[in-house]
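In: The sequence and its predicted three-dimensional model are supplied below.
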Amino acid sequence: MQSFLTQTLFYLGAAVISVPIAKRLGLGSVLGYLIAGVIIGPHALSLIGAQADVMQFAEFGVVILLFLIGLEVQPSTLWDMRKAIFGFGGAQVVVTSAAIAGVSMLLGLPWQTALAVGMVLAMSSTAIVLQTLDEKGLRQGPVGRAAFGILLLQDLAVIPMFALLPLLATIAPPVHGDAGGHAASLVSHLPIWAQGLSVLAAVGAVVGGGRYLVRPLFRFIAKARLREIFTASALLIVVGVASLMQMVGLSPALGAFLAGVVLAESEFRRELETDIEPFRGLLLGLFFITVGAGVDLPLIASQPLTLAGLVLGLMVLKFLVMLGLARLFGAPLRGAAAVATALAQGGEFAFVLLTFTVGAGVIGATLAALLTAAVAVSMALTPLAMILYERVADAMDAAIADVTPDTGDFDDGEPDIIIAGFGRFGQITGRLLTANGFRSTVLDSDIEQIDLLRRFGRRVHYGDATRMDLLRAAGIERARMLIVALDDREKTVELVETARKAFPDLVILARAWDRRHAYDLLANGADAVERETFESALALGQTALQKLGFRAHRAHRAASFFRHHDRRTFEELRPMWGQEEAYILASRDAAQTMDRLLAADLSRLRPGDAGGAWDTASLEQELRERAEKEGAE
């Protein structure tokens, strides 16, 4: 029997070695953890013992993950996502369960067992999917929202599954079966109606306690100003809610999510996120390692073709079902394929449900072991499947670019301007120029964006603007200006550099990601750059000043003063770009100087001061609003 410290050493050592290597190879951290688990598991190097106890502890990482997700989801957000959760998510669970059950019946399983297998395998891995989407930068977009809605519905579906699965029993349960590890449920011996009331009471306790007990408790603890006690209290809430839900037979992760939603509008939300986040990463990593250690290599070696067929069939079938549903619910093809690829594996709840079905006499132990291995392998393959999806999608884009270049139908006349990139940034610039009588030719490489814009009557050409032959076909030799508004930082620099070398007299304006990117663009030949968030952030700051009590002209002057000094600092620091230490020191000095100048200007500016820049339009608007208010009174 290995000591706790020895096992901890192997777990941490495997993670520290394998995860950075996997990240460097482009495989992602999740796959790194899974590989580490396989290597140190009982079926490979056997550096750790049975991982059952560790798995119970590691599953707490999923509980914390759901709690943190709940903190980000306010009740109003849940209502806004009702279509994704109850529509898309509900359809996914029902259709996937039915499809897998149908295939299982064709393979000779009784309909009861086939239906149970369908429900178990319809689940996907919340931990792996959300972590993978985070690493791919897809978590906050349409793909992430759709995936989250489906995963949330799956967590909700676990509740009725625990009630339905025992009704499908066809074999005698094991003598020592414990219903899948749910012996901790204190209400399992009660009648169904009493269990239902217990569940409602537990949910009510979480909602009521979160609203009326937890907030006063956190206020009391916050006054003590002891960070470690606040962290301990946050963990106590999560553990307490998870334990309460487990006692009434519900998913601890679902209970944690509910607690997070209840506290989403609390003033302590950000503090809770900050304190619990480190535990989430560590415990999720431990969870992935235990999943990898649970992959039964001897079983895989003894039935490789059977297991390979199960894994491939499961992932392909789930991919096709979700792709079709996503398209049915209006998702574009690429987004639908991303969601389907991300959710094509089995989930961590499948392990719990399989154990539960064996204990209830629904699925035999041999079949359950095979399905457990298939689920674990499918989870391990998910990061690879996402990598494969990205490469296929990129190859298809490249094939489209090669096969259907938009080089022969530029019938926009003689363009004054070529606009490369027509997303949220380029559209505003293009509309302003068109409204003032300038002719422009627009290039974009996002097929879905082009289709959407053309539905609105916008004339957009498909193509990679970094291709010189495409630029020439678009009329850049006759154009007066090139506006680069691409989302890709590297491609923006590449296009500016290429265009400057080919057309020395062309005026090139470029969208910059930040100040460092702006210096790169200027160094590579851009005539002028605009940092994409600078003016909008400045406008928001001006609005904030007005809401805080500044008169319109004072807020306008403050914003103008800030803009003037920021741009002057930008030019002063430009010669130092590339000299890291000198640039940092000069930036600090410039920031301190700007703060002093802003403070001095504010002290000179008083209400009614005739000096400085008056914003006539804003002042007139303010006078109109005052007159309307007085008239109403």
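Out: Good, I have the coordinates.

In: Next one: residue 282 from residue 158, what distance?
Out: 25 Å (C-beta to C-beta, to the nearest Å). For the C-beta atoms, the positions are set from N, CA and C on the backbone; glycine is no exception.

In: Is the residue nearest to residue 538 when sequence neighbours are not counted inside a helix or a strand, and which specific one?
Out: Spatial nearest neighbour of residue 538, chain neighbours left out: residue 559 (5.4 Å); criterion: C-beta to C-beta, 6 or more residues apart in numbering. Counting by DSSP states H and E, the element that carries residue 559 is helix 552-573.

In: that older thread, tell me how far the residue nearest to residue 538 lies from residue 146.
Out: According to C-beta to C-beta, residue 559 stands 39 Å off from residue 146.

In: So for those two, which sits in the more crowded spot?
Out: Ranked by neighbour count (other C-beta atoms under 10 Å), residue 559 and residue 146 place residue 146 first, with 29 against 20.

In: any idea of the pLDDT on that one?
Out: pLDDT recorded at residue 146 is 83.

In: For it, which non-adjacent residue is spatially closest?
Out: residue 339 is the one closest to residue 146 (C-beta to C-beta, 6+ apart), at 4.9 Å.

In: before we move on, what about residue 497?
Out: Using C-beta to C-beta, 6+ apart, the nearest residue to residue 497 is residue 524, at 4.2 Å.

In: again with residue 378
Out: Using C-beta to C-beta, 6+ apart, the nearest residue to residue 378 is residue 345, at 3.9 Å.

In: How about the secondary structure of that neighbour?
Out: Three-state call for residue 345 (DSSP: H, G, I helix; E, B strand; the rest coil): coil.

In: And for it, the neighbour number?
Out: 29.

In: what's the pLDDT at it?
Out: pLDDT recorded at residue 345 is 86.

In: Tell me if I'm right that it and residue 126 touch.
Out: No. The pair residue 345 / residue 126 is not scored as a contact, 11.1 Å apart, by C-beta atoms under 8 Å.

In: shared neighbours of those two, anything?
Out: Common contacts of residue 345 and residue 126 (C-beta atoms under 8 Å, 6 or more residues apart in numbering): none found.

In: hmm, back to that, residue 282 and residue 158 - which one has more neighbours?
Out: More neighbours surround residue 158 than the other of residue 282 and residue 158, with 19 against 15 (other C-beta under 10 Å).

In: so what's the more buried one up against?
Out: By C-beta under 8 Å, 6+ apart, the contact list for residue 158 reads 123, 251, 254, 349, 353.

In: Check the gap between the closest residue to the last one other than its chain neighbours and residue 351 for me.
Out: What it means is residue 353. In this structure, residue 353 finds its nearest non-sequential neighbour in residue 120, 4.6 Å apart by C-beta to C-beta, 6+ apart. For residue 120, the distance to residue 351 equals 9 Å [C-beta to C-beta].

In: Please apply the same query to residue 282.
Out: Distance, residue 282 to residue 351, using C-beta to C-beta: 21 Å.

In: and if you look at residue 435?
Out: Counting by C-beta to C-beta, the gap from residue 435 to residue 351 is 60 Å.

In: more neighbours, these two?
Out: Neighbours per residue (other C-beta under 10 Å) separate residue 435 from residue 351, with residue 351 holding more: 24 against 8.

In: Much appreciated, bye for now.
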